[in-house]
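**Q** Requesting a structural model of the entry that follows:
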Amino acid sequence: MSLCLVIIPTYNEKENIENIIRAVFAQEVEFELLIIDDGSPDGTANIVKRLQKEFPDRLHILERKGKLGLGTAYIAGFKWALERKYDYIIEMDADFSHNPNDLVKLHNACNNGADVAIGSRYVSGVNVVNWPIGRVLMSYFASKYVRFVLGLKIADTTAGFKCYKREVLEVIELDKIRFKGYAFQIEMKFTAYKCGFKLVEVPIIFINRELGTSKMSGGIFGEAFLGVVQLKLESWRRKYPSRKV
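**A** You can find the predicted model right below:
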């Protein structure tokens, strides 16, 4: 039986964290869960540690001192996973914008031939709920822009709900992934694509958070806009590692 780890970075998610943990563990696949908390002053980590007594073999936590960025949180989680036994590693938000019921769909997509399964908001129309229209348009056209510049054949290039086969994270040179914010998601997909891995989109419905505060900012979008150009320029001279045959 394949073993799957869900990684959830957190910063001030006390309103959501217990419910999201229980929702992940309620799925038909026996996921394990790694919470990476960046020193949340609201006590998020304390809630996780209390729940570890209830789920001692399935719930894990990495605590970091201060906000160090989404990308570095996931890289730390990926390295943690690679040191252990996991076959599949999933990225997921804590705020229920990613439906825990879709975890099984991503897991099954990788089980059925995908190397990276992407929970896609745009592969079957625009499936976003409770976002202001301005943010929907910004996100949608950002994905179009990324697709045009990088040549990725993906409708949702900025998606953050993804399942990786272990081999993808073993082959990608994680220490060369340099973006920390919104552009991190783009860089990971582009690098996997350049390494020869198969990326598959799985349609999901994205629902804006009801509790807690969004971490999105204009600076994050700015990093992504400029970062895409940098990625393209670097790809012309960089030699990417190849997947194992």
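**Q** Least confident secondary structure element in this structure?
**A** Every helix and strand of the chain was ranked by mean pLDDT, DSSP states H and E. The lowest is strand 128-129, at a mean of 70.
**Q** next structured bit after it?
**A** helix 133-150 (DSSP states H and E).
**Q** Check which residues of that following helix are buried.
**A** Within helix 133-150, the residues that count as buried by 16 or more other C-beta atoms under 10 Å are 136, 139-140, 142-143, 146-147, 149-150. The C-beta positions use only the backbone N, C-alpha and C, and glycine is treated the same way.
**Q** I'd like those as CSV, with pLDDT and distance to Arg58 appended.
**A** Below are the buried residues of helix 133-150 laid out as CSV (pLDDT from 0 to 100; distance: C-beta to C-beta, whole Å):
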residue, pLDDT, distance to Arg58
Val136, 71, 35
Ser139, 75, 32
Tyr140, 75, 36
Ala142, 82, 35
Ser143, 81, 34
Val146, 89, 35
Arg147, 89, 37
Val149, 93, 40
Leu150, 94, 37
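**Q** Ser40: which of those is nearest?
**A** For the buried residues of helix 133-150, the minimum distance to Ser40 (C-beta to C-beta) is 25.6 Å, reached by Ser139.
**Q** nearest spatial neighbour of the closest one, skipping sequence neighbours?
**A** Here the nearest residue to Ser139 in space, its sequence neighbours aside, is Thr158; by C-beta to C-beta, 6 or more residues apart in numbering that works out to 6.5 Å.
**Q** Tell me the spacing between that neighbour and Glu54.
**A** Distance, Thr158 to Glu54, by C-beta to C-beta, to the nearest Å: 35 Å.
**Q** Please apply the same query to Val171.
**A** For Val171, the distance to Glu54 equals 36 Å [C-beta to C-beta].
**Q** okay, the two: which has more neighbours?
**A** A count of neighbours by other C-beta atoms under 10 Å puts Val171 above the other of Val171 and Glu54, at 20 against 11.
**Q** Please verify my assumption that the more buried one contacts Pro241.
**A** Yes: counting by C-beta atoms under 8 Å, Val171 touches Pro241, with 5.3 Å between them.
**Q** Let me see the contact set for Gly66.
**A** Contact analysis of Gly66 by C-beta atoms under 8 Å, 6 or more residues apart in numbering lists 38-39.
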